[in-house]
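Novice: I would like the atomic coordinates for the input below:
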Amino acid sequence: MTAEYQVHGAVAVITLNNPPVNGMGLETRTAAVKGIQQALADDAVKAIVITGAGKAFSGGADIKEFNTPKALAEPSLHTFIATAESSTKPVVAAIHTVCMGGGLELSLGCHYRVAMPGAQIALPEVKLGLLPGAGGTQRLPRVLGLEPALNMIVSGNPVASEKLPALFDEIFAADADLLTSAVAFAEKIADVRPLPKVRDRKVDYPNHEAFLQFSRNTVKAMAGPFPAPLECVETVAASVTMKFEDGMKFERERFLHLIQTTESKALRHAFFAERVASKVPDVPADTPVRPIKSAAIIGAGTMGGGIAMNFLNAGIPVKLLETRQEALDKGIATIRKNYENTLKKGKLTQEKLDQRMGLLSSTLAYEDIGQADIVVEAVFEEMGVKEAVFRKLDEVMKPGAILATNTSTLDVDQIAAFTQRPQDVIGTHFFSPANVMKLLEIVRGKATGKDVLATALALSKKLKKTGVVSGVCDGFIGNRMIEQYSRQAGFLLEEGALPEQVDKAAEKFGFAMGPFRMGDLAGNDIGWAIRKRRYVEKPEISYSKTADLLCEMGRYGQKTGAGWYDYKAGDRKAYPNEDVNAMIVKHSADLGITRRKISDEEIVERLVYSLVNEGALILEEGIALRASDIDMVYLTGYGFPLYRGGPMFYADTVGLPNVLLAINKYAKGHQGGAWKPAPLLSKLAADGKGFNG
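Specialist: Residues are numbered from 1 along each chain as shown. Now for the predicted structure:
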């Protein structure tokens with residue numbers, strides 16, 4: 001049973017038991033409602049306690065039931081809460097550890113609430129583009145007051161139980177036994193009548209109109225394109241201005257409206273995509289993992305230093321290896337400076353800083369890193385350099401050590417072949433800045449051991465990264481797709497656009513930054529190096545020469561103060577440069593192209609659909625396991641707008657036939673050869689299906 005029924009003297013105890021967080025799925029709701037009915041039918045029972053087994057009271061709705069008929073089947077969450085609230089015997093919610101979403105709404109429907117200190121209390125629905133839909137917006141303000149309730153609902157952030165004394169009838173001592181204490185409390189109030197109901201309370205807030213208007217203005221400014229935060233304000237406002245039943249109807253209406261919005265669908269897609277990304281069909285959940293108690297990093301540059309910080313933050317000792325002492329000193333100084341900046345912002349204590357720096361050691365000798373459990377190579381992106389490193393690692397590393405490469409485009413199978421232990425080699429592609437970006441592309445070579453892959457996925461969680469598995473190909477998932485995006489950005493310049501217009505259109509669509517600002521940030525010389533390699537290896541692929549001409553002008557980006565734009569010291573703002581624009585216009589003339597006015601809509605379609613089309617090829621080739629993995633790469637590593645759900649999800653919302661129509665149109669234009677519809681895209685469009693089912 002997912003809800004257990006026991007009687008302790010005159011008190012019936014119903015324990016929700018649906019691990020890991022006692023999600024209130026249909027079985028759990030059915031068993032709990034039966035439990036309340038059984039207690040009401042037993043004359044010996046005077047009161048009822050509802051609690052949760054294991055590590056939660058309840059985390060709310062059962063996410064496994066989202067978008068299935070079970071989510072709405074009776075008894076619904078509303079019915080479960082109404083059954084508790086209308087009980088003729090007092091119902092006590094005994095809360096511990098986690099009480100969120102529908103779990104908190106259930107407790108608000110009970111007559112009494114008791115809790116252990118340190119329990120995390122939240123209504124996090126706004127993070128899925130929704131609002132609490134089982135009375136949370138109407139009951140919480142009646143208990144906590146308008147302002148604190150609104151803050152909790154609009155932010156969705158958890159608050160510790162002891163900081164919410166108004167919510168609880170009693171908070172027990174930290175060393176108390178919850179069940180014993182809750183049963184004693186239930187016995188004490190068993191005969192108190194009338195039974196207190198949250199719905200009967202009034203929200204008393206002087207001059208609530210002014211406060212609510214202020215809240216609307218503040219939330220509107222912060223919510224951006226997401227509708228849910230403002231809807232939360234409106235439904236909470238109903239708790240003051242409407243009768244309880246009318247407020248409940250209004251909440252339901254707004255909840256059903258939000259659940260249909262693209263923004264909420266995108267957030268829910270991202271929520272599930274993140275959870276499923278760590279599941280690999282042929283690597284069972286119980287695959288043994290290798291212990292990672294120490295790490296070594298080869299290279300103390302920007303990338304190596306950032307990677308080292310991830311391990312240090314997770315409490316894993318790191319040995320940093322470089323070829324020159326001055327490079328080591330510089331790398332360590334940068335790590336310290338990064339931590340000191342975090343300290344200045346108040347996000348790190350001096351004690352934590354000292355502790356993390358204390359885990360860091362350095363060396364110039366490969367022999368000193370031999371005992372590390374994992375070694376991550378972060379050296380120059382050139383196969384000859386990687387070969388020398390991996391041959392050396394093969395010599396010095398202990399048996400069973402994981403040999404990881406932070407390559408962003410090179411062949412992991414070829415790198416693995418430089419060793420006698422290809423099963424221990426894996427790609428761990430961190431994104432810059434590595435200590436900030438959430439994405440970790442985990443590249444599975446053809447010989448990579450299943451235990452090595454399982455260990456890398458477990459490690460990504462420990463490092464607080466979103467790990468996404470990719471197969472081996474040039475550029476893996478993210479960079480292979482971004483190359484097509486960059487190619488289109490270049491062709492747009494040749495046809496009539498300027499960097500500022502392209503970037504503004506992309507940013508208006510919701511990208512964190514447009515392609516040219518992104519190039520300046522990453523370093524235009526990096527793309528130049530990749531293109532030079534492409535000209536030799538894949539001469540059939542065409543590129544706009546504008547980016548090469550820019551590099552020939554010595555404009556490598558922010559690091560040189562000049563790229564597609566000019567930059568001023570201490571100022572990240574991009575200032576358009578007349579010489580660059582003149583170079584672009586001249587290049588069009590040299591190609592014999594008459595420049596034309598290009599709409600923002602065309603810019604966005606060409607940039608985004610180039611990602612989609614390449615994503616479809618990646619999916620078809622099995623480089624990505626699922627479309628949602630591609631979306632996860634773009635949401636966490638490339639600044640794709642969260643409210644659009646990632647490129648593949650966005651294509652589904654536009655409709656694949658419409659995407660295909662646009663691609664076929666652009667295939668007739670300038671550099672039309674870059675647009676060859678992926679067979680999978682054509683097939684799904686013809687079948688009326690989407691990438692995400």
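
Novice: what's the closest non-adjacent residue to Ile530?
Specialist: Closest residue in space to Ile530, ignoring its immediate chain neighbours: Thr409 at 6.5 Å, by CB to CB, 6 or more residues apart in numbering. (Each C-beta comes from the backbone N, C-alpha and C, glycine too.)

Novice: typed the wrong thing, it's Phe431
Specialist: Once flanking residues are discounted, Phe431 sits nearest to Met437: 3.9 Å by CB to CB, 6+ apart.

Novice: likewise His670?
Specialist: Going by CB to CB, 6+ apart, His670 has Glu495 as its nearest residue, at 5.2 Å.

Novice: Could you do Arg290 as well?
Specialist: Among residues not flanking Arg290 along the chain, Thr455 sits closest, at 4.6 Å (CB to CB, 6+ apart).

Novice: for the one you found, what are its contacts?
Specialist: Listed by CB atoms under 8 Å, 6 or more residues apart in numbering, the contact partners of Thr455 are 289-290, 292, 402.

Novice: Return the member of these nearest to Lys668.
Specialist: Ile402 (49.1 Å; CB to CB).

Novice: Which residues does that closest one form beta bridges with?
Specialist: Bridge pairing for Ile402 (DSSP bridges) gives the partners Ile374.

Novice: What are the buried residues along the helix or strand containing Phe250?
Specialist: Following DSSP states H and E, one finds Phe250 within helix 244-259. Across helix 244-259, burial judged by 16 or more other CB atoms under 10 Å covers 244, 247-248, 250-251, 254-255, 258-259.

Novice: Show me which helix or strand of this structure is least confident by mean pLDDT.
Specialist: Taking mean pLDDT, DSSP states H and E as the measure, helix 524-537 is the helix or strand of the chain with the lowest mean score, a mean of 87.

Novice: And for the following helix or strand past that one, what's in contact with it?
Specialist: Using DSSP H and E, the next helix or strand after helix 524-537 towards the C-terminus is helix 546-552. Surrounding helix 546-552, the residues in contact under the criterion CB under 8 Å, 6+ apart are 486, 490, 493-494, 519, 524-525, 527-528, 531, 563-564, 580, 583-584, 587.

Novice: Farthest pair within those residues?
Specialist: Glu494 and Asp525 (21.1 Å).

Novice: by contact count, what packs against the least confident helix or strand of the chain?
Specialist: helix 546-552 (3 or more CB pairs under 8 Å, 6 or more residues apart in numbering; DSSP states H and E).

Novice: which residues does Pro57 contact?
Specialist: Check again: residue 57 is Phe, not Pro. Counting by CB under 8 Å, 6+ apart, Phe57 touches 16, 22, 51, 93-99, 103, 107, 119.

Novice: Let's see that with 6 Å instead.
Specialist: 95-96, 99, 103 (CB atoms under 6 Å, 6 or more residues apart in numbering).

Novice: Quick check: it vs Thr323, distance?
Specialist: Plainly put, Phe57 is 55 Å away from Thr323 if you go by CB to CB, to the nearest Å.

Novice: One more: Pro158?
Specialist: Relative to Thr323, and taking CB to CB, Pro158 is found at 47 Å.

Novice: try Lys46
Specialist: Taking CB to CB, one finds Lys46 at 77 Å from Thr323.

Novice: who has more neighbours, these two?
Specialist: Neighbour totals were compared for Lys46 and Thr323, and Lys46 leads with 18 against 11 (other CB atoms under 10 Å).

Novice: May I have the predicted confidence score for that one?
Specialist: As predicted, Lys46 sits at a pLDDT of 98.

Novice: Kindly report the same for Leu320.
Specialist: Looking at Leu320, its pLDDT is 98.

Novice: That one reaches Ser361, doesn't it?
Specialist: No: assessed by CB atoms under 6 Å, Leu320 is found out of contact with Ser361, at 7.4 Å.

Novice: Who has more neighbours out of those two?
Specialist: Between Leu320 and Ser361, counting by other CB under 10 Å, Leu320 is the more crowded of the two (25 against 13).

Novice: which stretch of helix or strand covers the closest residue in space to that one that isn't next to it in sequence?
Specialist: Sequence neighbours aside, Ser362 is the residue nearest to Leu320 in space, at 4.5 Å (criterion: CB to CB, 6+ apart). Using DSSP H and E, Ser362 falls within strand 360-363.

Novice: That strand packs against which elements?
Specialist: strand 318-321 (3 or more CB pairs under 6 Å, 6 or more residues apart in numbering; DSSP states H and E).

Novice: Mind doing that once more with 7 Å?
Specialist: Helices and strands touching strand 360-363, by 3 or more CB pairs under 7 Å, 6 or more residues apart in numbering; DSSP states H and E, are strand 318-321, helix 325-344.

Novice: Give me the mean pLDDT for it.
Specialist: Per-region confidence: strand 360-363 scores 97 on mean pLDDT.

Novice: Now it: buried residues?
Specialist: Result for strand 360-363 [16+ other CB under 10 Å]: buried residues 360, 362.

Novice: now do stretch 530-545
Specialist: Here stretch 530-545 shows 530-531, 533, 543-544 as buried, counting by 16+ other CB under 10 Å.

Novice: pull the CA atoms of stretch 634-644 into PDB?
Specialist: Below are the C-alpha coordinates for stretch 634-644, written out as PDB (Å, rounded to 0.1, in the frame of the first residue of the first chain):
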ATOM      1  CA  TYR A 634      20.900  24.100 -25.400                       C
ATOM      2  CA  LEU A 635      19.100  25.300 -22.200                       C
ATOM      3  CA  THR A 636      22.000  24.700 -19.900                       C
ATOM      4  CA  GLY A 637      25.000  25.400 -22.200                       C
ATOM      5  CA  TYR A 638      24.100  27.800 -24.900                       C
ATOM      6  CA  GLY A 639      21.600  30.300 -23.400                       C
ATOM      7  CA  PHE A 640      18.600  29.100 -25.400                       C
ATOM      8  CA  PRO A 641      15.500  30.700 -23.800                       C
ATOM      9  CA  LEU A 642      14.000  28.500 -21.100                       C
ATOM     10  CA  TYR A 643      10.500  29.600 -21.800                       C
ATOM     11  CA  ARG A 644      10.800  28.200 -25.300                       C
END
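
Novice: Need the residues that contact it.
Specialist: Residues outside stretch 634-644 that contact it (CB atoms under 7 Å, 6 or more residues apart in numbering) are 225-226, 263, 266-267, 270, 431, 437-439, 466, 478, 482, 509-513, 646-647, 650.

Novice: switch to 6 Å and redo it
Specialist: Against stretch 634-644 from outside (CB under 6 Å, 6+ apart): 225-226, 263, 266, 270, 431, 438-439, 466, 478, 510-512, 646-647, 650.

Novice: Can you flag the buried ones in those residues?
Specialist: Here, 16+ other CB under 10 Å leaves 226, 263, 266, 270, 431, 438-439, 466, 478, 510-511, 646-647, 650 buried among the contacts of stretch 634-644.

Novice: Take those and keep only those in strands.
Specialist: If you go by DSSP state E, the buried ones among the contacts of stretch 634-644 have 439, 466 in strands.
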